[in-house]
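Undergrad: Predicted model and sequence follow; I will ask about them next.
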Amino acid sequence: MEIDRASDRPVYKQVADALRESIRNGQLRAGEPLPSETQLTARYGVSRNSVRTAMGLLRVEGLVTTQHGRGSFVRQRRPLQRLGPSSNAKRLQTQDEKPDQQLLRAEVVHPPQEVADRLGLRPAERALLRRSLLLLGGAATQLADRYFPLDVTETWQPERWLEEVTLRMPSPGEARQLGISGGVPLVRVLRTLYDDTGRALEASDLLLAGDRHVLVYEIPAH
């Protein structure tokens, strides 16, 4: 790609466009180093400052990481696959690793209002909270807050569940806990499980690192 000096698009964005395309089409693979600043400056005939600004943009987008003294690399992505409610088994899977779950908290709390509404709790009524952290290969990948009405036993079987999926940027604390770098969003899944009478028996607030998950939903046509 040649830089179009007559274009209204800034030079650094054109450099970022070229590198982004090389990453997405596989010319630059996950884990591979990107060309050095000197190489990129010579390749595109631009200033070192334009190259640095382009690399900063790609870092914000979550496409590359920079290691001090080593250079910049294409971000490694080994996404967990979340099978949706229509699948035969509700689970997380990867090709080569099994996730590990750590229990962080278990206590009776006043749940957030949106959780209380989904569980049909009365004002000031409390619920059991279980907070856990999911890890893959030793790296945190998901935070899960699961809320249960206090009169619910663990032996019940869900008849159906409803999932609400949204995207947002993480708070500083969430980014630290999940090891999320700049430019990577959170996938938030708010899941409510119901029994065969229609009563909500669990509400889960799941925060997923956006660069480590693929959500798969199979939806019947009829």
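TA: Sure, I can see it.
Undergrad: Quickly note the distance from the nearest residue to R75 once chain neighbours are set aside to E114.
TA: Nearest non-adjacent residue to R75, counting by CB to CB, 6 or more residues apart in numbering: T65, 5.4 Å away. To be clear about C-beta, it is placed using only N, CA and C from the backbone, and glycine gets the same treatment. From T65 across to E114, the span is 34 Å (CB to CB, to the nearest Å).
Undergrad: between those two, who's got more neighbours?
TA: More crowded of T65 and E114, by other CB atoms under 10 Å: T65, with 17 against 12.
Undergrad: Remind me what the helix or strand harbouring the more buried one packs against, helices and strands.
TA: Following DSSP states H and E, one finds T65 within strand 64-67. Contacts defined by 3 or more CB pairs under 8 Å, 6 or more residues apart in numbering; DSSP states H and E place strand 64-67 against helix 48-60, strand 71-74.
Undergrad: Quick check: which of those is nearest to H213?
TA: Among the helices and strands packed on strand 64-67, the nearest to H213 by CB to CB is strand 71-74 (18.6 Å).
Undergrad: in the closest one, what counts as buried?
TA: Residues 72-74 are the ones in strand 71-74 that count as buried (16 or more other CB atoms under 10 Å).
Undergrad: I'd like those written out as JSON lines, with pLDDT added.
TA: Shown next, in JSON lines, are the buried residues of strand 71-74 (pLDDT from 0 to 100):
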{"residue": "S72", "pLDDT": "89"}
{"residue": "F73", "pLDDT": "91"}
{"residue": "V74", "pLDDT": "90"}
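Undergrad: Would you mind putting these into JSON lines with distance to L193 alongside?
TA: Below are the buried residues of strand 71-74 laid out as JSON lines (distance: CB to CB, whole Å):
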{"residue": "S72", "distance to L193": "43"}
{"residue": "F73", "distance to L193": "40"}
{"residue": "V74", "distance to L193": "38"}
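Undergrad: Go through the residues you listed and name the one nearest P220.
TA: When these are compared against P220 (criterion: CB to CB), the nearest one is V74, at 37.8 Å.
Undergrad: How is this structure divided into domains?
TA: 11-74, 80-216 (automatic domain parsing).
Undergrad: Off-centre distance for the shortest one?
TA: By that I understand domain 11-74. Its chain's average C-alpha position is 23 Å from that of domain 11-74, according to CA atoms, centre = their mean, to the nearest Å.
Undergrad: Also the last one?
TA: A distance of 13 Å separates the C-alpha centroid of domain 80-216 from that of its chain, computed with CA atoms, centre = their mean.
Undergrad: Give the ranges of residues in the protein that sit below the confidence cut-off.
TA: Residues of the chain meeting the criterion pLDDT under 70: 77-98, 154, 182.
Undergrad: Could I get the CA-only coordinates of the helix or strand hosting E164 as CSV?
TA: Assigned by DSSP H and E, E164 falls within strand 160-168. Extracted as CSV, the C-alpha positions of strand 160-168 are listed here (Å, rounded to 0.1, in the frame of the first residue of the first chain):
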residue,chain,number,x,y,z
ARG,A,160,-35.6,-22.0,30.1
TRP,A,161,-33.4,-19.0,30.4
LEU,A,162,-33.2,-15.5,29.0
GLU,A,163,-29.9,-13.8,28.1
GLU,A,164,-29.4,-10.0,27.5
VAL,A,165,-26.1,-9.2,25.8
THR,A,166,-24.5,-5.8,25.8
LEU,A,167,-21.1,-4.3,25.2
ARG,A,168,-19.3,-1.6,27.1
